[in-house]
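*Asks:* What would the 3D arrangement of this be:
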Amino acid sequence: MRKKLVIDCFFDNFPKYKNGYAIVAVDVIRATTTAITGVSLGRQCFPVASIEEATLLAQKLENPLLVGELGGNMPYNFHLQNSPTQLESRTDLHRSMILLSTSGTQLICEFKNSEVTYIACLRNYISLIAHLQEFHSAVALIGAGARGEFRREDQLCCAWIAEGLISQGFEPEDEKTSKIVQHWSGKSVDAILEGNSAAYLTRSGQVKDLEFILSHVADLNFIYRLENDQIVEQIIPQNTAIVSI
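*Replies:* This next block holds a predicted model:
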């Protein structure tokens with residue numbers, strides 16, 4: 001069977017991927033990095049698409065931690081920004097996390113009813129390659145666009161996953177996907193520093209999150225998927241070959 005992959009970003013195209021594809025949601029700066037960091041520490045994580053959804057869910061959970069941003073600002077009554085460093089510094093791991101962001105959690109929630117949705121950032125991209133190549137034949141790598149932009153960090157992460165899959169026999173579905181993979185092949189992670197997201201974190205005094213993202217690359221041997229509205233962790237089986245990039 002021919003194995004295929006596609007890289008995309010914008011919401012108008014999403015319906016065609018909801019059936020027949022394994023979805024990979026990517027928002028490196030910062031929602032998927034924050035979510036994966038929280039779950040890797042042992043915290044439950046529930047992504048939501050709106051403040052209203054966050055409020056309703058908070059009423060059902062016992063003393064949850066409200067984490068997130070809208071338009072870069074932490075919403076009223078939230079406890080933390082959409083920040084992996086702030087989250088990592090906390091010890092109250094018994095508290096479930098409700099995560100809201102401008103684009104990343106909306107992307108994740110858009111695919112709640114898909115066949116399978118994985119969560120990816122630079123921390124787990126190699127482990128995810130190994131899992132995808134073994135269990136799926138059609139993969140859609142979807143970046144969380146912002147203001148009509150397919151952000152550099154998300155292109156890089158999607159391209160690195162795609163390049164690993166191509167080395168295992170997957171074929172790009174279109175020319176756009178091929179060009180993105182070629183553009184980011186061999187690039188350093190520092191290339192994301194030239195993007196608007198990195199500039200925003202620097203300008204707004206949130207450099208620690210940027211430093212965290214740059215220093216945590218391929219350090220988790222787990223995959224993360226959406227299951228019953230919650231992001232859960234799954235270890236890579238010992239007999240699964242990890243792809244070298």
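*Asks:* Now stretch 223-232: buried residues?
*Replies:* Buried residues in stretch 223-232, defined by neighbour count with 16 or more other Cβ atoms under 10 Å: 223-226, 231. C-beta here means a position set from N, CA and C on the backbone, and glycine is covered the same way.
*Asks:* how much distance is there from that stretch to the middle of the chain?
*Replies:* Computed by Cα atoms, centre = their mean, to the nearest Å, the chain-centroid distance of stretch 223-232 equals 12 Å.
*Asks:* Touching it from outside, list them.
*Replies:* By Cβ atoms under 8 Å, 6 or more residues apart in numbering, the residues outside stretch 223-232 that reach it are 25, 35-36, 39, 44-47, 108, 111-112, 116-120, 124, 127-128, 131, 233-234, 236.
*Asks:* following the longest helix along the chain, which helix or strand shows up next?
*Replies:* Scanning the chain for the longest helix, with DSSP state H as the assignment, gives helix 152-166. Following helix 152-166 in sequence order, the next helix or strand is strand 171-172 (DSSP states H and E).
*Asks:* so how far is that next one from its chain's centroid?
*Replies:* Taking mean C-alpha positions (Cα atoms, centre = their mean), strand 171-172 and its chain are 21 Å apart.
*Asks:* Toward the C-terminus, what is the element adjacent to it?
*Replies:* Downstream of strand 171-172, the next assigned helix or strand under DSSP H and E is helix 175-184.
*Asks:* Quick check: buried residues in that following helix?
*Replies:* Residues of helix 175-184 classed as buried by neighbour count (16+ other Cβ under 10 Å): 177, 180-181, 184.
*Asks:* burial measure for G42, as a count.
*Replies:* Applying other Cβ atoms under 10 Å, we find 9 other residues in the vicinity of G42.
*Asks:* S197 is in what secondary structure piece?
*Replies:* helix 196-203.
*Asks:* Let's test this: mean pLDDT of that helix, rounded?
*Replies:* In this model, helix 196-203 has an average pLDDT of 96.
*Asks:* Please name every helix or strand in contact with that helix.
*Replies:* Under the contact criterion of 3 or more Cβ pairs under 8 Å, 6 or more residues apart in numbering; DSSP states H and E, helix 196-203 touches helix 152-166, helix 207-215.
*Asks:* ok, residues contacting it?
*Replies:* Identification of contacts with helix 196-203 by Cβ under 8 Å, 6+ apart yields 28-29, 72, 146, 149, 151-153, 192, 206-207, 209-210.
*Asks:* what about this structure, any weak spots by pLDDT?
*Replies:* 237-245 (pLDDT under 70).
*Asks:* now the strands for it?
*Replies:* Secondary structure of the chain (DSSP state E): strands at 4-8, 22-26, 45-48, 65-68, 97-100, 116-120, 138-143, 171-172, 222-227, 230-235.
*Asks:* Kindly reformat these as CSV containing distance to L57.
*Replies:* Putting the strands of the chain into CSV (distance: least, Cβ to Cβ, whole Å) gives the following:
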stretch, distance to L57
strand 4-8, 28
strand 22-26, 19
strand 45-48, 6
strand 65-68, 10
strand 97-100, 6
strand 116-120, 18
strand 138-143, 23
strand 171-172, 38
strand 222-227, 15
strand 230-235, 11
